[in-house]
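S.K.: Starting from these lines, generate the structure:
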Amino acid sequence: MANELTTRCQALLEELGLISEGSAITATALTGGVASDIAKVTTETKTYCVKFALAKLRVAADWFAPVERNFAEYQWLKVVADIAPDASLHLYGHSATQNGFVMSFLEGDDIRLLKTELLEGRGQRQDAVAIGQLLGKIHQTSTMPSFDDSPFHNQDDFYKIRIEPYLVYTAGQHPALAPIFHDMASSLYEAQTVLIHGDVSPKNILLKQNQPYILDAECATMGDPCFDIAFCLNHFLLKALHVQTHFSSYLGYCTAFWDAYRLSVSWEDPAVLEARFTRLLPLLLLARIDGKSPVEYLSEESRIAIRALSIRLIEAAPTSLSALLQLIAEKEIS
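M.R.: Numbers count the residues shown, from 1 in each chain. Sure thing, here's the model as predicted:
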């Protein structure tokens, strides 16, 4: 596998003109993702990050996705480089033939992975604010008349990568709730309001000082902003329910994120958007228990408790984040 990855990386760098043919490189596989092969590549003069999309994701259930999504991710990163250059990595090129691209490798003693920070109880409110501000800015810019959305009409890919494994599959595990899941799935598939990332997860967010870098935009498409918001908040909720010593502060993390994000909402009434992502959020919470990508760090006891909480939240159908968080606070998981 190591030799195969090195060969692929070398071919990609040669194709993009970053190294001469036959130049020696060192490729080190990076862990953490289920959807791509990612490598740190060192040449005689530079260090790069190389990414190739996988056709079959590394999960227990059968989960296939089109490898062309790698181009959508590259285009999303280009958009962010224009909107927020301080929050972007340098891009060196994309290959349609190899479904891979090359970007700068972010490293240093001050680099933090948000997932690790949260799981180890070091989550900071200022990080939630910065992420909410950045995501809101990206969404808002994509609603402008001058925005070129042509690379991002990827609704069918988004269905395969996100809607089916998270909503449709989970509906099959909970027939009584299936109509709610299917209605949301249809709504998300049809929406083309803003450029969404599709995987705004702590595992995909690096922090350098107070600056977040949102990576892994393989699901990028024109869609409903409620998905990005709910997907991110869902991870914050899972960490709050898992790291009990920071339960209250991590619930506050959710509020800080939304308060920062909503300042950018100019394309619709923020209250309408809030009601929509609040409906989606407990569906995603249940999907991380019984969907195709179950969260890996929960005990079986916690999984049972969060499953029950998710169902209660879906049935209660709160229409604001504060109401949803209040219900969760009243049903604290131990």
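
S.K.: and R279, what does it touch?
M.R.: Residues counted as contacts of R279 (C-beta atoms under 8 Å, 6 or more residues apart in numbering) are M184, A317, T319. Yep, even glycine has a C-beta here, placed from its N, CA and C like the rest.

S.K.: Let me see the mean pLDDT of the helix or strand harbouring T255.
M.R.: Using DSSP states H and E, T255 falls within helix 247-261. Taken as a whole, helix 247-261 carries a mean pLDDT of 97.

S.K.: now for that helix, which elements pack on it?
M.R.: helix 125-141, helix 225-242, helix 321-330 (3 or more C-beta pairs under 8 Å, 6 or more residues apart in numbering; DSSP states H and E).

S.K.: Now do that helix against helix 125-141: the angle between them, please.
M.R.: Interaxial angle of helix 247-261 relative to helix 125-141 (axes from the mean of the first three to the mean of the last three C-alpha atoms, to 10 degrees): 30 degrees.

S.K.: Use 36 as the first number from now on
M.R.: Renumbered: residue one is now 36, and that last one reads helix 282-296.

S.K.: Pull out the buried positions in helix 282-296.
M.R.: Across helix 282-296, burial judged by 16 or more other C-beta atoms under 10 Å covers F282, Y285, L286, G287, Y288, C289, T290, A291, F292, W293, A295, Y296.

S.K.: ok, back up a step: got a quick PyMOL command for the buried subset of the contacts of R314?
M.R.: Buried residues within the contacts of R314, by 16+ other C-beta under 10 Å, are selected in PyMOL with:
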select buried, resi 219
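
S.K.: could the contacts of R314 go into JSON lines alongside distance to L316, pLDDT and secondary structure?
M.R.: Output for these, formatted as JSON lines (distance: C-beta to C-beta, whole Å; pLDDT from 0 to 100; DSSP: H, G, I helix; E, B strand; the rest coil):
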{"residue": "M219", "distance to L316": "11", "pLDDT": "98", "secondary structure": "helix"}
{"residue": "A352", "distance to L316": "11", "pLDDT": "96", "secondary structure": "coil"}
{"residue": "T354", "distance to L316": "11", "pLDDT": "96", "secondary structure": "coil"}
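
S.K.: Can you identify the element that follows the top helix by length along the chain toward the C-terminus?
M.R.: Using DSSP state H, we find that the single longest helix of the chain is helix 305-325. Past helix 305-325, further along toward the C-terminus, the next helix or strand under DSSP H and E is helix 335-351.

S.K.: what comes into contact with that next one?
M.R.: Contacts of helix 335-351 (C-beta under 8 Å, 6+ apart): 209, 212, 215, 273, 276-277, 316-318, 320-321, 324-325, 329, 333, 359, 362-363, 366, 368-369.

S.K.: Which of those are buried? Put it as a ChimeraX command.
M.R.: The ChimeraX command for the buried members of the contacts of helix 335-351 (criterion: 16+ other C-beta under 10 Å) is given here:
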select :209,212,215,273,276,277,316,317,318,320,321,324,325,333,359,363,368
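
S.K.: How many residues are close by the closest residue in space to D325 that isn't next to it in sequence?
M.R.: Excluding its sequence neighbours, the residue lying closest to D325 (C-beta to C-beta, 6 or more residues apart in numbering) is Q208, at 4.4 Å. For Q208, the neighbour count with other C-beta atoms under 10 Å is 15.

S.K.: cool, I118 as well?
M.R.: I118 has 17 neighbouring residues, counting by other C-beta under 10 Å.

S.K.: wait, it sits on I173?
M.R.: Yes. In this structure, I118 is within contact of I173 by C-beta atoms under 8 Å, at 5.8 Å.

S.K.: Tell me the secondary structure at the most centrally placed residue in the chain.
M.R.: The residue lying closest to the centre of the chain (C-alpha atoms, centre = their mean) is D234, at 1.7 Å. Of the three states, D234 takes coil under DSSP: H, G, I helix; E, B strand; the rest coil.

S.K.: Leaving out chain neighbours, which residue sits closest to Q168?
M.R.: Among residues not flanking Q168 along the chain, A295 sits closest, at 4.7 Å (C-beta to C-beta, 6+ apart).

S.K.: Distance of T41 relative to D234?
M.R.: Distance of T41 to D234, given as C-beta to C-beta, to the nearest Å: 27 Å.

S.K.: Check A358 too.
M.R.: Distance from A358 to D234, by C-beta to C-beta: 27 Å.

S.K.: repeat for I166
M.R.: Taken as C-beta to C-beta, the span from I166 to D234 is 13 Å.

S.K.: can you check Y127 too?
M.R.: Distance, Y127 to D234, by C-beta to C-beta: 22 Å.

S.K.: which residue sits closest to S236, ignoring its sequence neighbours?
M.R.: That would be H270: by C-beta to C-beta, 6+ apart, it lies 5.3 Å from S236.

S.K.: residue contacts, that neighbour?
M.R.: K150, L153, S236, P237.

S.K.: Most neighbours among these, which one?
M.R.: That'd be L153 among the contacts of H270, by other C-beta under 10 Å, with 24 neighbours.

S.K.: these two touch, right, it and K274?
M.R.: Yes. Using C-beta under 8 Å, L153 is in contact with K274, at 4.2 Å.
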